[in-house]
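# A predicted structure for the sequence below; I have some questions about it.
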Amino acid sequence: MNNIDFKNLWVNLTVVLPGMVTYATWRIVIMLMGYKGIDFKTIDGSAVLSVCVVFAIAIIQQAAGISLEAMLAWFFHLFKDKWKNAHKLFVGRFRALVADKYNEPVMRTIGQFFLSLNVCVGQVMILVFIIVAQNPISLAPVEKLGWLLWLSVSIVIITMFVAIFRCWNAIEAIEEAEKIAEKNAEVAVNNEKAA
């Protein structure tokens, strides 16, 4: 698989896969809630409509994820001296990508973080749906929403921990890649001096 195919595959996975997870979770939640406000027979009866619903959810979720990413990039840009590697993950990765600074495993680790972040965004969307669908006029007190709310909150917390763990992995991968790049540059300088 060439580099362009890999990038296209990864873009599709980071957009479509979280959308599919969110759609599947949403369907399960609606079934468990006994919610009758959506006619799934119409959606399920058309392959085109089903795909459109998944892509609509995926694009909305991606937009929310990119907005969150932009806020985090802004935050880490303000504190780039304190959190250099987080700044590199959120802001500097584009320059590094263009410069072909990171190898495929590092890029995959970074991509897994953003995939996890998008899944987390989708689960937050489900949580908001549960709260609004239970009581659309005014947000009900937590005790009235029941076990489904607590399950959703638990899933959001778990996906947040996964995203944080993947972020830590991505930052570690960037640090390691930069150490290797520095060592390789040092070896190249020493080889030039020896020649």
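Sure, I can see it.
# I'd say V121 and Q61 touch.
Yes. At 5.6 Å, V121 and Q61 qualify as touching, with contact defined as CB atoms under 8 Å. From N, CA and C alone the C-beta is placed, and that goes for glycine too.
# Find residues that contact each of these two.
With contacts taken as CB atoms under 8 Å, 6 or more residues apart in numbering, V121 and Q61 have P18 as neighbours in common.
# Could you count how many residues lie near S46?
Number of residues near S46 (other CB atoms under 10 Å) recorded here: 11.
# Contacts only, for it.
Here S46 is in contact with no residue (CB under 8 Å, 6+ apart).
# For it, give me phi and psi.
phi -130, psi 120 (degrees, to the nearest 10).
# what about it, distance to D39?
12 Å (CB to CB, to the nearest Å).
# tell me the average confidence for the longest helix anywhere in the chain?
Longest helix of the chain, by residue count under DSSP state H: helix 147-194. The average pLDDT within helix 147-194 is 87.
# so what secondary structure elements neighbour the strand or helix carrying A58?
Secondary structure assignment for A58, by DSSP states H and E: helix 47-78. Contacts defined by 3 or more CB pairs under 8 Å, 6 or more residues apart in numbering; DSSP states H and E place helix 47-78 against helix 3-33, helix 40-44, helix 84-87, helix 104-134.
# Could you dump those into a markdown table and include distance to F165?
A markdown table is the format used below for those (distance: least, CB to CB, whole Å):
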| stretch | distance to F165 |
| --- | --- |
| helix 3-33 | 17 |
| helix 40-44 | 34 |
| helix 84-87 | 14 |
| helix 104-134 | 8 |
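# any chance of the ones you listed in a markdown table, plus mean pLDDT?
Formatted as a markdown table, the helices and strands packed on helix 47-78 follow (pLDDT from 0 to 100):
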| stretch | mean pLDDT |
| --- | --- |
| helix 3-33 | 74 |
| helix 40-44 | 77 |
| helix 84-87 | 84 |
| helix 104-134 | 85 |
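# I'd like to know which of those helices lies nearest to E69.
Comparison of the helices and strands packed on helix 47-78 against E69 by CB to CB identifies helix 104-134 as nearest, at 7.0 Å.
# All set now, cheers.
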